[in-house]
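Chemist: Test case, fold it:
(chains A, B and C)
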Amino acid sequence: MHLLKLESVSRDFDVSRPWLNRVIEHEPRRILRAVDHVSFEVSKGETLGLVGESGCGKSTVARLIVGLYAPTEGRLEFRGRRMQMIFQDPYASLNPRWRVRKIIAEPMIFLEKKKPVSEFLLQVGLSPDDAERYPHEFSGGQRQRISIARALAGEPDLLVCDEPTSALDVSVQAQILNLMAELQERLGLTYLFISHNLAVVSLVADRVGVMYLGKIVEFASAAQLFTNPRHPYTRMLLDAVPDLDMSGKPRTPVAGEVPNPLAPPPGCAFHPRCPHANERCRVETPKLINDVACHGVEEGRI
Amino acid sequence: MILEVEGLTVQFPTRRGTLTAVDSISFSIAPGEVLGVVGESGAGKSITGLAVIGLLEPPGRIAAGEVRLEGRRIERLPHEEMRRIRGRKIGVIFQDPLTSLNPLYTIGQQLEETILTHLVLSPRAARDRALSLLREVGIPAPEARYRNYPHQFSGGMRQRVVIALALAAEPRLLIADEPTTALDVSIQAQIIALLKRLAGERGAAVMLITHDMGVIAETAQRVAVMYAGRIAEIGPVRDVIHAPRHPYTVGLMGSIPRIGSERLVQIDGAMPRLNAIPPGCAFNPRCPRRFERCLVERPDLLPAGTSRAACWLHASA
Amino acid sequence: MCVGAALLSPWIAPQNPFDAAALDLNAAFKPPAWVAGGERAFPLGSDNQGRDMLSTILYGARISLGIGLASVVFALVLGVSLGLIAGYFGGRLDAVIMRVADVQLSFPAILIALLIDGVARVALGGERHEEIVIPVLVLSIGFAGWVQYARTVRGSTMVERGKEYVQAARVIGRRPLAIMLAHVLPNVMGPVLVIATIHIATAIITEATLSFLGVGVPATQPSLGTLIRVGNEFLLAGEWWITVFPGVALIVLVLSVNLLGDWLRDALNPKLR
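Modeler: Here you go, the predicted structure:
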C-alpha cells in the first residue's frame, strides 16, 4: 500500500515580465512548466530517490508534496498523518533569532502529547545542553542535525529531504547519511530523498526516479539503475560522474547543456543531446512505458 | 619547477590572538603537472591559493615561508609588481563564473583588455587572439558571441570564458579554486577535460583546489590533502586514493560515496576551528590510531611509500 | 542619562509651571542665576509670566519626548505591519500598499502633518481640538512617517520569506500571521530600530517646527518648540534665555535619543552576545 501517490502532477510558474512591460513591448505571457505530468508512488518504509541536474524540477516536486506549492494539474494523495521536510541550506533553514529549543519544539504545537526536546537532540547525536544555544553557534553538520531533530519532533510518517547533504563537507555528509539510515531503521521512517549527486542517491535509495526538464525519464530500483541504466540521459549522467576508482573506463563524450526550461525542445526534451535521436524523437514526446520514457528503448533500438 | 612553496605560513591577527590559517606547508608543481589541493572547509586550501597569488585580504598576511615562481620569490613583492605578474604569469579561475566576469562589459572587451594589459599587441591582433582563445575553450561560433554579455551565457559557457580569460596572457601557472563546484555534473566533466587538455598543451603548472576528490581523480597527477592548515598527505593521485597513508585520508576516502558502495565510513567529530587546534598532530582527537607521541609532537611530512604523510605511524626509528 | 533626565522631569522639576496659583508676576523676566539680577530659585531665569525656565524646559522636554515617542511608535506599528503584509503576501496587496506609499512619499512630511492637523482643527472646532491636540499631533506626525518602515520591512520580509526556515514553518503548518510575527518580524526588526531612533529625533523636530509655527502644542502646555517660539519674541528685547535654553535642551534631547538608539540595537543582537 502506498503512503504517497502522485498522479500526473504538473506545476506551472508565471515568469512573465510585469504587465506594463508586456503591454508596451507586445510580449506574450511566459509560463515555465517546472513539473510536467509526474506520477509515482512511495511505499511505507522505503527511500525513494529523485535525481537530476539543476532545473529538472525535483525541488519543485518536493515542495508540491509538502504543500508549499499547489499543483497546477494532477492529484496528490497522502495516506499518512504528517509530513516534514529537511532543506539543503543548513544556514538558512533555522531561524537565527530562535533558540534551538524553540526551533525543535515548534512542530509539536499541533500535537497532543509533547515529548521533551532533549529526546530529539539525543536522537540526532547532540547534547541536551545545546537546546539553549542559537543556530550560529553550530557548524553546518550540526545544524543539519538540528533540522533533522525538528523534523522528527513533528512525528512524521514521511520525511522529504531536499539535498540535505549537498552543502556539507564529505566527512560530515557521511555522518549525516549514516544518522539518517539509522533513524529510518529505528523509527520506521519513509524518505523521499532528492539530490543531484548520483553516488549519494545510490547509497540511500531503494528506488530512484531520474528527472529531466520537469519529466521523469526513468524509474528503477537503485541496484538496477546503476548497473543497467536504460534511458540515454541516465547513461550520460552516470558517465559524467567522476571516476574515483580510476578504473580507466572509456567515457562517451558529453554533449551540450540543459536547454532553457522556458523553451524546451519539441518532442523528447533530451533529443538535442541524445546520440540516438531519430525523427520521431524530434516530434513526439515519449511516454513513460515500463518505467522508461524513450522511443529508442521502446523500439528496441538502444 | 614552476611553483615552489616552502614553509608557507598565513596568519590572521585578531582581537583575541593570532589565528594560523596555514601552518608551514611546502609543495611544488612542475611544468605540465596538475597538483590537486583537496580538503574540507576550513582546511586552508583556498587561503593557500590566495596567498600564492598575493590576494590575501588584510589583516591576513604571509607570516613566514617562501613562494617562488620560476625561481623568483614573489611572496613579498609590492602590489604593482604582483599585479603585473598575476595577469601575465599566473592565471586564476574562481568558483563562481557569475562574479568572475564583469556584467557590464562584453566578453570580447574583457578578453581584449586582459590581453592588451599583459601582451604588446595591436588591437587587431588582440582580437584575433581572443577569438582563437574562445575557440580553444569550446565556445561555438565565437565571432557571433564576441559581443555578448556574460549573462547571455549559460553557467558552463561562462566558466569556459573565465578559463579563456585566465589563459589569455599565456600564464605559466594556473590556479583554479573550485572551478566546477557551481556546475552541473554533466558540465563538470566537460570543464575538467578542457582544463586538463589546455594545461597539458601549454606546459603550464596547475594548482587545482577543490573539496571534490572525484574531480582530482580525473584531473590531477599528484594530490595534497590538507587538514587544519597543514598538509596531511601528498603523493601520486592513484596511491593516495587507493592506498592512503594518513588516517585522515583513510577516513576521507571511506566517507566518499561511490556508486555501488554499501556503507560509509564516518570520522567522528569535526575539523578543529582555527583557534582551537590541538597540540601535536592536529588530527589526534579524531584519530583511531593515535598514541602518546601524536598528542605532543607535530609530525613533519614523512616518507610513506610513494607519498609522504604527516603521521608518526611512518616514523622510521 | 540625558534621556533619563527628560523622562524623570515631572518628579524633579522644582516647580510646576502650570499651576497658575504659584505664579508671581513680579518674578517675571529674571535672567539666569549666574547673571546679575538673577536668583537661585530660578537657575535658568524666568519667562514673561514668571515661570521658572528650568521647570518649563523639563516639562516641555517631557512633552516633546512624549509626542516624539508616541508618533514614532504609531508610525512604526503601522509601517511595520503594512510592510510585513506587503512583503509576505506579495501580488496585488503588495502593489496597492506600495503605490500608496509611493504617492505619500512625494509629499514632504511636514506638509502631511500640517494637512492632517488642519483637517482635525476644522473638523473638531477650536476648543474640542485643544483638548485632544496631543493625540492629533501624534497621529499626524505618525502618518507622515510610516512609509520608511514599510519599505525597509517589505524588502527584508521578501528576503526572509524565501529562506528555508520560513518554508519549514509553513511545512510545519503555522498560519501566515504566526509566521510573520514569530519568525519574520524578529529578523527584520534590526534596521527598523535604527530608523526609529533617527525618526524620534525627526519627530521631535517636526513637532517643534509645528509648534514653532503655531500649529502644534499650544502655549498652555508648551513643548520645547512652543517655548522657543514664545521666547523668540523676547530675543531682541534682551531676554535671550527664554529662547536659547529651550533650544539647547532640544539639541541635547535629540542627541541623547540617537545615542540610546545605537546602544539599544547592539544590545539586542543575539549574534553579539
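Chemist: Need the phi and psi values for the most centrally placed residue in chain C.
Modeler: Nearest to the centroid of the C-alpha atoms of chain C, with distances taken as Cα atoms, centre = their mean, sits C:G68, at 1.1 Å. Main-chain torsions, C:G68, degrees, to the nearest 10: phi -60, psi -50.
Chemist: and it, what is it in contact with?
Modeler: C:I200, C:A201, C:A203, C:I204, C:E207, C:V257 (Cβ atoms under 8 Å, 6 or more residues apart in numbering or on different chains). Where C-beta positions appear, they are placed from N, C-alpha and C, glycine not excepted.
Chemist: Please name the nearest non-neighbouring residue to it.
Modeler: Computed as Cβ to Cβ, 6 or more residues apart in numbering or on different chains, the closest residue to C:G68 that is not its neighbour in sequence is C:I204, at 3.8 Å.
Chemist: so the one you found sits in a strand?
Modeler: No - the assignment for C:I204, made by DSSP: H, G, I helix; E, B strand; the rest coil, is helix rather than a strand.
Chemist: May I have the least confident helix or strand in chain A by mean pLDDT as PDB, with CA atoms only?
Modeler: Lowest by mean pLDDT, DSSP states H and E among the helices and strands of chain A is helix A:19-25, with a mean of 77. In PDB, the C-alpha atoms belonging to helix A:19-25 read as follows (Å, rounded to 0.1, in the frame of the first residue of the first chain):
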ATOM      1  CA  TRP A  19       2.200  43.900 -17.100                       C
ATOM      2  CA  LEU A  20       3.300  47.300 -18.200                       C
ATOM      3  CA  ASN A  21       6.400  45.900 -19.900                       C
ATOM      4  CA  ARG A  22       4.400  43.300 -21.600                       C
ATOM      5  CA  VAL A  23       1.900  45.700 -23.000                       C
ATOM      6  CA  ILE A  24       4.500  48.100 -24.200                       C
ATOM      7  CA  GLU A  25       6.700  45.500 -25.800                       C
END
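Chemist: Look up how far chain C lies from the closest residue to B:V52 other than its chain neighbours.
Modeler: Once flanking residues are discounted, B:V52 sits nearest to B:V67: 5.5 Å by Cβ to Cβ, 6+ apart. Using Cβ to the nearest Cβ, to the nearest Å, B:V67 is found at 36 Å from chain C.
Chemist: Specify the beta-bridge partners of B:V67.
Modeler: B:V5 (DSSP bridges).
Chemist: ok, so what distance separates it from chain A?
Modeler: 27 Å.
Chemist: tell me the contacts of that residue?
Modeler: B:L3, B:E4, B:V5, B:E6, B:L8, B:A51, B:V52, B:R73, B:I74, B:E75.
Chemist: Between these, which sits nearest chain A?
Modeler: Closest to chain A out of the contacts of B:V67 is B:A51 (21.7 Å), distances taken as Cβ to the nearest Cβ.
Chemist: Give me the neighbour count for the residue in the stretch 101-250 of chain C that chain B sits nearest to.
Modeler: The minimum distance from the stretch 101-250 of chain C to chain B, using Cβ to the nearest Cβ, falls at C:G162 (18.2 Å). By the criterion of other Cβ atoms under 10 Å in any protein chain shown, C:G162 has 10 neighbours.
Chemist: so how far is A:V51 from it?
Modeler: As for C:G162, its distance to A:V51 is 24 Å (criterion: Cβ to Cβ, to the nearest Å).
Chemist: With C:V244 instead?
Modeler: Counting by Cβ to Cβ, the gap between C:V244 and A:V51 amounts to 77 Å.
Chemist: low-scoring stretches of the chain, by residue?
Modeler: Picking chain A for this. A:246-254 (pLDDT under 70).
Chemist: meant chain C actually
Modeler: Low-confidence segments of chain C (pLDDT under 70): C:1-51, C:125-131, C:219-221, C:239, C:261, C:265, C:267-273.
Chemist: so who does residue 244 touch?
Modeler: You didn't say which chain, so I picked chain A. B:M213, B:G214, B:A217, B:I241, B:I256, B:R258.
Chemist: Oops, wrong one, chain C.
Modeler: Each residue near C:V244 by Cβ under 8 Å, 6+ apart is listed here: C:G231.
Chemist: which SSE is it in?
Modeler: helix C:241-267 (DSSP states H and E).
Chemist: how far is that helix from where the chain is centred?
Modeler: Its chain's average C-alpha position is 12 Å from that of helix C:241-267, according to Cα atoms, centre = their mean, to the nearest Å.
Chemist: Over to stretch B:73-88?
Modeler: Centre to centre, stretch against its chain (Cα atoms, centre = their mean), the figure for stretch B:73-88 is 18 Å.
Chemist: Show me what the mean pLDDT comes to for it.
Modeler: Here stretch B:73-88 scores 86 as its mean pLDDT.
Chemist: How many residues are close by the nearest residue to C:T206 once chain neighbours are set aside?
Modeler: Spatial nearest neighbour of C:T206, excluding adjacent residues (Cβ to Cβ, 6+ apart): C:I141 at 5.4 Å. Other residues near C:I141 number 30, with proximity taken as other Cβ under 10 Å.
Chemist: can you list the residues that contact stretch B:115-130?
Modeler: Residues contacting stretch B:115-130 (Cβ under 8 Å, 6+ apart): B:R84, B:G87, B:R88, B:G108, B:L111, B:E112, B:Y146, B:A164, B:A168, B:A169, B:E170.
Chemist: repeat that for 7 Å
Modeler: Stretch B:115-130 has contacts (Cβ atoms under 7 Å, 6 or more residues apart in numbering or on different chains) with B:G87, B:R88, B:G108, B:L111, B:E112, B:A168, B:A169.
Chemist: Show me where the stretch 201-317 of chain B has its helices.
Modeler: B:213-219, B:237-242, B:247-255, B:292-296 (DSSP state H, counting those that start in this stretch).
Chemist: Pull the residues that contact the shortest one.
Modeler: I take that to be helix B:292-296. Contacts for helix B:292-296 (Cβ under 7 Å, 6+ apart): B:P279, B:G280, B:C281, B:N284, B:C287, B:W312.
Chemist: who wins for neighbours among these?
Modeler: With neighbours set by other Cβ under 10 Å, the maximum within those is found at B:C281, which has 26 neighbours.
Chemist: measure that residue to B:I187 for me?
Modeler: Distance from B:C281 to B:I187, by Cβ to Cβ: 39 Å.
Chemist: Check A:V66 too.
Modeler: 30 Å.
Chemist: okay if I get the contacts of B:V67 as JSON lines plus neighbour count and distance to B:T249?
Modeler: Putting the contacts of B:V67 into JSON lines (neighbours: other Cβ atoms under 10 Å in any protein chain shown; distance: Cβ to Cβ, whole Å) gives the following:
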{"residue": "B:L3", "neighbour count": "24", "distance to B:T249": "23"}
{"residue": "B:E4", "neighbour count": "17", "distance to B:T249": "24"}
{"residue": "B:V5", "neighbour count": "22", "distance to B:T249": "20"}
{"residue": "B:E6", "neighbour count": "16", "distance to B:T249": "23"}
{"residue": "B:L8", "neighbour count": "23", "distance to B:T249": "21"}
{"residue": "B:A51", "neighbour count": "24", "distance to B:T249": "23"}
{"residue": "B:V52", "neighbour count": "22", "distance to B:T249": "23"}
{"residue": "B:R73", "neighbour count": "12", "distance to B:T249": "31"}
{"residue": "B:I74", "neighbour count": "20", "distance to B:T249": "30"}
{"residue": "B:E75", "neighbour count": "18", "distance to B:T249": "28"}
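Chemist: Please identify which of those residues is nearest to C:L93.
Modeler: The closest of the contacts of B:V67 to C:L93 turns out to be B:A51 (Cβ to Cβ; 51.7 Å).
Chemist: Neighbours of residue 58, how many?
Modeler: Picking chain A for this. 28.
Chemist: wait, chain B
Modeler: Count around B:P58 with other Cβ under 10 Å applied: 7.
Chemist: How about A:A255?
Modeler: 12.
Chemist: any idea how far it is from B:Q110?
Modeler: 27 Å.
Chemist: just B:G254 next, same as before
Modeler: For B:G254, the distance to B:Q110 equals 43 Å [Cβ to Cβ].
Chemist: Looking at the two, which one has more neighbours?
Modeler: B:Q110 (22 against 16).
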